[in-house]
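# Got a sequence here, can you build the structure:
(one chain, ligands or ions: 1)
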Amino acid sequence: MTARRTVLLTGFQPFGGEQVNPSWQAVSALQGARIAGHRVVARELPVAFGTSLKALRAALKEMQPALVICVGQAGGRAQLSLERVAINVDDARIPDNRDQQPVDMPVIGDGPAAYFTTLPIKAMREALHTAGFPAEISQTAGTYVCNHVFYGLMHALRRQRAVRAGFIHIPYSPAQASAHPGAPSLAVETVTQALREVVRVALATRDDARIAAGAEH
Ligand code: PCA
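Below is the predicted model:
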C-alpha cells in the first residue's frame, strides 16, 4: 500500500442566520497547500444531522487521508478550541439547515458513549501559543452538528488508529462579531495560519505532550 499523503480539512456551510462560516473560509484557503510532504484537501460540509456525516464518510473513502481535522464555528468562544472528546448524543438547540432538530438521540445507535480525539492536542496548544495564536483545550464540542460530525469521524476511524483525527472550534470572524456586540473574534487569515501550524504539529508529533490543561468546570 502506498503511504497516505493527504490531509483532509473540513469546514461548514453558514448556519443560524449567518452569511458566512469562518470555518470554511479558513479551511478553503489551505486547499492544495503542501505541508510537511502532505497535500491538503478542503471540503465543505452541510450543517445538517446525517447528511454532514454522509459527506464526511464519502470524503474519507475517496481520499484515504493520513490526518483529518474538522473545523467549526463556535460563536462566543475567544480562542481556537482544540476539542478533547466527542459524545454520542444529538441535542439541537436550533434546527439544522434542513430543519431537523433531534433531541437526545444517539449519533450512532450502538456506539460507545464517547470517543477521544486522536490529535496531539496538548502539543498543538503549546505550538500555537509559541507561535502567538490563542488556543485552549475544550472539554466539550457541544451537542449540535459539530459534535455529531466529530463523533461520526472518530467512529468511522475507530479501527484505523494510525489515521489521526479530531475537531477544532474557532471564534466568529470580526465581520460576524460586529453583528454580535461584545462577542470575541479572530481574523480568518489568523485562523488559517494557525491551522497550518496545527497540521504541521499533528504530522510531526507521535506521542502527545503531557501538559496540564484541565478545567474545574
Ligand atoms: N458550528 C456548529 C455546526 C456548524 C458550525 O460551524 C456547531 O458548533 O455545532
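# ok, Asn147 - contacts?
By Cβ atoms under 8 Å, 6 or more residues apart in numbering, Asn147 lies in contact with 86-87, 89-90, 107, 140-141. In this view, the C-beta of every residue, glycine as well, is placed from N, C-alpha and C.
# Could you verify that it is part of a helix?
Yes. Asn147 forms part of a helix when assessed by DSSP: H, G, I helix; E, B strand; the rest coil.
# Would you mind measuring from it to Asn88?
Computed as Cβ to Cβ, to the nearest Å, the Asn147 to Asn88 distance reads 9 Å.
# show me what contacts the residue nearest to Ser173 when sequence neighbours are not counted?
Nearest in space to Ser173, with sequence neighbours left out and distances taken as Cβ to Cβ, 6 or more residues apart in numbering, is Pro22 at 4.1 Å. Applying Cβ under 8 Å, 6+ apart to Pro22 gives the contacts 73, 170-173, 176, 186, 188, 191.
# And Pro22, how far from Ser28?
The gap separating Pro22 from Ser28 is 11 Å, by Cβ to Cβ.
# Mind listing the shared neighbours of Asn147 and Asn88?
Val107.
# Would you mind pulling the contact partners of stretch 44-59?
So stretch 44-59 is contacted by 8, 10-15, 21, 24, 27-28, 41, 43, 70, 90, 92, 96-98, 100, 102, 107, 145, 148-149, 152-153, 156 (Cβ under 8 Å, 6+ apart).
# Model confidence score at the residue nearest to Ser173, please.
On the pLDDT scale, Pro22 is placed at 98.
# for it, phi and psi?
phi -60, psi -20 (degrees, to the nearest 10).
# Could you show which parts of this structure are in contact with the ligand?
Residues of the chain found near the ligand (Cβ under 6 Å from any ligand atom) are 12, 15, 21, 23, 47, 72-74, 142, 144-146.
# Quick one: end-to-end distance for stretch 135-143.
Start to finish, the residues bounding stretch 135-143 are 21 Å apart (Cα to Cα, to the nearest Å).
# Going by neighbour count, list what's buried in it.
135-138, 141-143 (16 or more other Cβ atoms under 10 Å).
# Okay, buried residues for stretch 95-115 please.
In stretch 95-115, counting by 16+ other Cβ under 10 Å, buried: 96-97, 102, 107, 111, 115.
# What of stretch 62-74?
By 16+ other Cβ under 10 Å, the buried positions in stretch 62-74 come out as 63, 65-74.
# so of those, which ones are in helices?
Residues of the buried residues of stretch 62-74 located in helices (DSSP state H): Met63.
# Could you check how far stretch 81-93 is from the centre of its chain?
11 Å (Cα atoms, centre = their mean, to the nearest Å).
# Only the C-alpha atoms, please, for it, written as PDB.
Extracted in PDB, the C-alpha atoms of stretch 81-93 (Å, rounded to 0.1, in the frame of the first residue of the first chain):
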ATOM      1  CA  SER A  81     -10.700  25.300  20.900                       C
ATOM      2  CA  LEU A  82      -8.900  22.000  20.500                       C
ATOM      3  CA  GLU A  83     -11.700  19.500  21.300                       C
ATOM      4  CA  ARG A  84     -10.800  16.600  23.500                       C
ATOM      5  CA  VAL A  85     -14.000  14.500  23.400                       C
ATOM      6  CA  ALA A  86     -17.000  13.700  21.200                       C
ATOM      7  CA  ILE A  87     -20.100  12.300  22.800                       C
ATOM      8  CA  ASN A  88     -22.800  10.100  21.400                       C
ATOM      9  CA  VAL A  89     -25.700  12.500  21.600                       C
ATOM     10  CA  ASP A  90     -27.600  14.800  19.300                       C
ATOM     11  CA  ASP A  91     -29.400  17.500  21.200                       C
ATOM     12  CA  ALA A  92     -30.100  20.500  18.900                       C
ATOM     13  CA  ARG A  93     -30.900  23.900  20.400                       C
END
